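Novice: I would like to see how this sequence folds:
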Amino acid sequence: MKIFRRALMIGPALTWPAIALAQQAAAPTPPAAAKVEDTQGLEDIVVTAQRRAERLQDVPVSVTAFGTAELEKRQITDVQALTQNAPAITFSATPYGTNDLILAIRGVAPGGVLPNVDQAVGTYVDGIYYARPEGSNFALVDIASAEVLRGPQGTLFGRNTIGGALNVTTNKASYERGGSLKFAYGNYNALTAQAVINLPLVDDKLAARAVLAHVQHDGWGKSAQFGDVANQNDNFVRGSLRADLSDAVRIDLIGDYYSGRNRQSLWVLRDYLAGTSPAAYAPYVAPEGSRVSQQGINPLNKTQIYTLTGIATADLGFAELKSITGYRNMNFQGAGDQDGTPLPTVDVLEFEFVGDQFSQEFQLTGTSDDSRLIWVAGAYYFREEVRNTGLVRAGSSLQVNELTPQNKSMSAFAQLTYEALPDLRITGGIRYVVDDRDIKYRRPIFPIAAAFAGVVTANLPDGAIGAQTCPYAALGLTADAAACSFSPKRITFKTVPFTVGIDYKPDTDSLLYAKFARGYRAGGHQQPTGTTVTFFTPFKEEKVDSYEVGAKLSLFDRKLQFSTAAYYSIYDNVQQNSLLSSTPTIVIAVVNAGKERIYGAEFEATALLGDLRLAGSVGLIEPKFTAGPYKDTSVPAVSKVTWAVSGDFPIEMAGGGRIDLHADYNWRSKVNFLNVGSVGAAGLVPYSAFQEAAVTQKGYGLLAARISYTLPRSELTLSVFGKNLTNVYYAGRTGSLAAANFNSIVVGEPRTYGLSLSANF
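Specialist: As a prediction, this is how the structure comes out:
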């Protein structure tokens, strides 16, 4: 019960000082429409966590929400920054750059990043599900709101939200002329330029909006041989068109394009155990704090993604009908040296991800005449076709590892909320899901002559590489030998996620709730690197049964808002990206690693103390494997404690103008990026203390601040900003070499700071 002892200590510490100060600062009750800028009370936050617009205080879901102004103050310009400012969420980098992230909420993490594995946290932008992490760390440019929904959201959101969901809403075209410009410059020659223009074309009938953004900076690290590492050069454009065909019919068309040309992440060799690690790695160990990589290649990774979204809404009188159509095309070309040394250990010489996805959703929402019944029903279709190819130098061979999944999902859903007694509501929701999984593998292997085993791949002469061999025939798999391809049978998963709950409003600004939700994530086919038939056995679907109670309160004339939730989850058929073999070839497969039980709690509070606005949050998670090969070992990709605090203080100048002060600090406890053991024929082989440390990042905190001055009678604002101001050195990810008693890390972002100038018109 350690986590609840923490809750008893941290919860009151977070809230009672704010309550006491709010009592001292009590003022007459503000008008109902008061906003935070009126200093009369905290403004209402509107969210769409239940597929309709509602006040955050009225939603029986654990949600952290940020509007446009809050995103700006906290310097939340990408998904990584968003996750750092919400409790109970953990992020880790992917091997190839900053374009994508791996997310875990409430201890539920994905089993891998390849397209044979679905994500555990669903990312939605304007209602469109982003199936793959590629490009998911997109710039949050011209955003109306961003919400972090914790706990299974499988009834209304559906696609792989077993841990939770990110729900992002962009600003749409409107019938008011306006726009904005922003320029920023900082260390590492960081340059940001952003422009937004909104134009009404036909009064109250047709409007257009355009957004352009460019972000670049020099490398956050250096390569001893190649120069900059982990630089950024991104361009983004979004256009939207709004047409009101009648008083009852509205259409929004949105298209965006993202292009990035970035060097690989900063990989360094951090851990090395003399006497057991190969001596050849000793000269390349990076000292603590080093941002110099000894990598043997420094590829330029290129990403192009475009997304098309169509949203049509029609007022039918008895209900509103919404159609959400989405298409997304992704193309990533890159490579990576994941060991951080010039030795050809884990050199991904070519990595290609190309594919597209299409989705169509219909939603029908309505309210009874007496407003006691609220309902939503709908249907959803999704399909994706992708190809993921890697050319890997693994010791004495070159290997092509290619998988081409074709995934489909169809579902129908409904949710009802009924006011059974005054202010007492009962909610029930259900979804029927069918997921189909097809895949094709290709894995030709080219041996490298023994005389060239230590030679960097780029320097191999023509005669060093032998003729293609194909492993599938030797494994007894029916394959196309010439193409070295293998297609297993299609697999289908059917399930029924559901939710039931009850909530009670003792007054307008308070809510008490209890709920049960079942979440689901589809199973799938394995990665292409298996060395026996067993390694190609598909992994099963997983589910989470989550019990949750919570409260949301608004006190002291709306000067204090407080929310808390406690949950207990049973996580079954857990999908784990597990190391099954390290010699002679590293084989990582997704295994169903038995069961977890997870319990935890979350606290969030915001208080107005005169002009000072304080906010804080705490997330506590206590996960544990209770069955399977990892029983009683640490659960990977989970920080058991996360917390954040922030403060805002405006200063009105006597001669006009305003100064806005903001600071925030977020902290997360240690995280094991991978399992602390490998699974062999005899079961789990636990890691040594050194090996466990090699896949672990100790707890750390990040400090950010921003000072802005807005000119009098002007929409012109000058800001000074900084992130990671204490220059904490931390790992955003580790490699998978710990079993060999050495390992590498992706180094996180350093201290950054700069100046910005923005203008609204």
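
Novice: tell me where the stretch 101-250 of the chain has strands.
Specialist: Assigned by DSSP state E, counting those that start in this stretch, the stretch 101-250 of the chain shows strands spanning 121-125, 128-130, 143-150, 164-170, 178-186, 190-202, 206-217, 221-223, 227-229, 232-244, 249-263.

Novice: so which of these is nearest G275?
Specialist: Nearest of the strands of the stretch 101-250 of the chain to G275, taken as C-beta to C-beta: strand 221-223 at 28.6 Å. Yep, even glycine has a C-beta here, placed from its N, CA and C like the rest.

Novice: what would the strands of the stretch 101-250 of the chain look like in a markdown table with mean neighbour count, distance to L477 and mean pLDDT?
Specialist: Formatted as a markdown table, these follow (neighbours: other C-beta atoms under 10 Å; distance: least, C-beta to C-beta, whole Å; pLDDT from 0 to 100):
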| stretch | mean neighbour count | distance to L477 | mean pLDDT |
| --- | --- | --- | --- |
| strand 121-125 | 25 | 33 | 91 |
| strand 128-130 | 24 | 33 | 93 |
| strand 143-150 | 23 | 41 | 91 |
| strand 164-170 | 23 | 38 | 92 |
| strand 178-186 | 16 | 53 | 96 |
| strand 190-202 | 17 | 50 | 97 |
| strand 206-217 | 19 | 46 | 97 |
| strand 221-223 | 21 | 40 | 93 |
| strand 227-229 | 19 | 40 | 90 |
| strand 232-244 | 19 | 42 | 95 |
| strand 249-263 | 19 | 37 | 94 |
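
Novice: pipe the ones you listed into JSON lines and attach distance to S758 per row.
Specialist: JSON lines is the format used below for those (distance: least, C-beta to C-beta, whole Å):
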{"stretch": "strand 121-125", "distance to S758": "23"}
{"stretch": "strand 128-130", "distance to S758": "28"}
{"stretch": "strand 143-150", "distance to S758": "15"}
{"stretch": "strand 164-170", "distance to S758": "18"}
{"stretch": "strand 178-186", "distance to S758": "4"}
{"stretch": "strand 190-202", "distance to S758": "8"}
{"stretch": "strand 206-217", "distance to S758": "13"}
{"stretch": "strand 221-223", "distance to S758": "30"}
{"stretch": "strand 227-229", "distance to S758": "28"}
{"stretch": "strand 232-244", "distance to S758": "17"}
{"stretch": "strand 249-263", "distance to S758": "21"}
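
Novice: got the contact list for the residue nearest the centre of the chain?
Specialist: By C-alpha atoms, centre = their mean, the mean C-alpha position of the chain lies nearest to L103, the distance being 4.2 Å. Residues near L103 by C-beta atoms under 8 Å, 6 or more residues apart in numbering: 79, 83, 89-91, 109-110, 119-121, 123, 163, 166.

Novice: could you check the pLDDT of it?
Specialist: For L103, the pLDDT comes out at 84.

Novice: one more: the one 10 residues further on?
Specialist: We note a pLDDT of 71 for V113 in this prediction.

Novice: ditto for A7
Specialist: In this prediction, A7 carries a pLDDT score of 43.

Novice: cool, and L579?
Specialist: With respect to pLDDT, L579 has a value of 66.

Novice: what of Y96?
Specialist: Value listed for Y96 in the pLDDT field: 67.

Novice: now do the helix or strand containing T717 against strand 178-186, angle only.
Specialist: Assigned by DSSP states H and E, T717 belongs to strand 716-723. Per axes from the mean of the first three to the mean of the last three C-alpha atoms, to 10 degrees, the angle that strand 716-723 makes with strand 178-186 is 40 degrees.

Novice: what sits up against the next helix or strand after strand 716-723?
Specialist: Remark: after strand 716-723, the chain's next helix or strand is strand 731-734, criterion DSSP H and E. With C-beta under 8 Å, 6+ apart as the contact definition, strand 731-734 has outside contacts at 91-95, 265, 270, 673-674, 694-697, 743-748.

Novice: residues in contact with the closest residue to D247 other than its chain neighbours?
Specialist: Using C-beta to C-beta, 6 or more residues apart in numbering and skipping the chain neighbours, the partner closest in space to D247 is D315 (7.7 Å). Listed by C-beta under 8 Å, 6+ apart, the contact set of D315 reads D247, A248, V249.
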